[in-house]
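*Asks:* quick one, fold the following:
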Amino acid sequence: MALLVAVALAGCLAAVNPQAPVPQALLPADETPSRLVVVLPGRGDDIQALRESGIADAIQSAWPDADVVLTGLGFGYYMQGRAPQRLHDEVIVPARARGYREIWLTGASMGGMGALMYDRAYPGDADGLVLLAPYLGDRTLVEEISARGLAQWDAGPVPAEVDAGNYQRELWRHLQGWRHDPARTRSVWLGYGAGDRLAKAMPPLAGLLPEDHVVVAEGGHAWTVWSPLTQRMLTTAGPMRLDAQRSP
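*Replies:* So this is what the prediction gives:
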């Protein structure tokens, strides 16, 4: 994906060297940790911006037993075409080795897209996803899907490989498969602002999820909206996941 989202996400070019290891910052839980939430950066974010966003406090307010890892999985890693693999190899696999009961991904805008790309590459590997106004493709494609409805939309022939010209359709093809996988959608949450510039792209994705897993708040495309939404969603998701763990 040599030119992945080069136009739509051109503003995401926070300084990053994709040849270097993925930057990470661990914020330990207040309690004995049993789960991990990995945060993927949004438009123009780096780890310092994520520190200042309030996202870690929001997560740990809802889940005091959660360690949080802020990542610098910036635009350069997507340009390489290896963002999901780098996330898997450098963040998720080492975290699994530390023995967490659950590992969740959350990401905003580009990071929300990254979480979905990870789920496409490693289906169900993350125990849950919290998607914050994820970038879901260019307007023409979103309008095409919205007009036909995702159930009737035809992604076309499966390509030999995913590249800059087809990755958006392949991401939606993956999401289309969620219609037949209700177990997956029970651990996916979507939040965005009513005034978000990407809000018109959200309904086809929202339609795949349980109704109470989609939360819309006032505001636009900003962490001041996303961090409180994350706390709200995880506060609800926490007991539900624990109940599911206890179910026979």
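*Asks:* low-confidence bits of this structure, can you list those?
*Replies:* Within the chain, the segments meeting pLDDT under 70 span 1-16, 239-248.
*Asks:* strands of that one, residue ranges please.
*Replies:* Counting by DSSP state E, the chain has strands at residues 24-27, 35-40, 66-71, 102-108, 128-132, 188-193, 214-217.
*Asks:* just the buried residues of the last one, please?
*Replies:* In other words, strand 214-217. 214-216 (16 or more other Cβ atoms under 10 Å). Where C-beta positions appear, they are placed from N, C-alpha and C, glycine not excepted.
*Asks:* hmm, back to that, so can I have CSV of the strands of the chain showing distance to G207?
*Replies:* Shown next, in CSV, are those (distance: least, Cβ to Cβ, whole Å):
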stretch, distance to G207
strand 24-27, 34
strand 35-40, 23
strand 66-71, 29
strand 102-108, 20
strand 128-132, 14
strand 188-193, 10
strand 214-217, 9
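*Asks:* list the residues that contact V39.
*Replies:* Counting by Cβ atoms under 8 Å, 6 or more residues apart in numbering, V39 makes contact with 50, 55-56, 59, 68-71, 106-107, 111.
*Asks:* so it bridges to which residues?
*Replies:* For V39, the beta-bridge partners under DSSP bridges are L70, T106.
*Asks:* how about the buried residues of strand 214-217 in JSON lines, adding distance to R148?
*Replies:* Converted to JSON lines, the buried residues of strand 214-217 look like this (distance: Cβ to Cβ, whole Å):
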{"residue": "V214", "distance to R148": "21"}
{"residue": "V215", "distance to R148": "26"}
{"residue": "V216", "distance to R148": "23"}
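*Asks:* from the residues you listed, which is closest to E102?
*Replies:* Comparing the buried residues of strand 214-217 against E102 with Cβ to Cβ places V215 closest, at 20.3 Å.
*Asks:* skipping adjacent residues, who's closest to the closest one in space?
*Replies:* Nearest residue to V215 in three dimensions, chain neighbours excluded: G191, at 4.5 Å (Cβ to Cβ, 6 or more residues apart in numbering).
*Asks:* does Q24 touch V91 like I think?
*Replies:* Yes. Q24 is within contact range of V91, at 6.5 Å (criterion: Cβ atoms under 8 Å).
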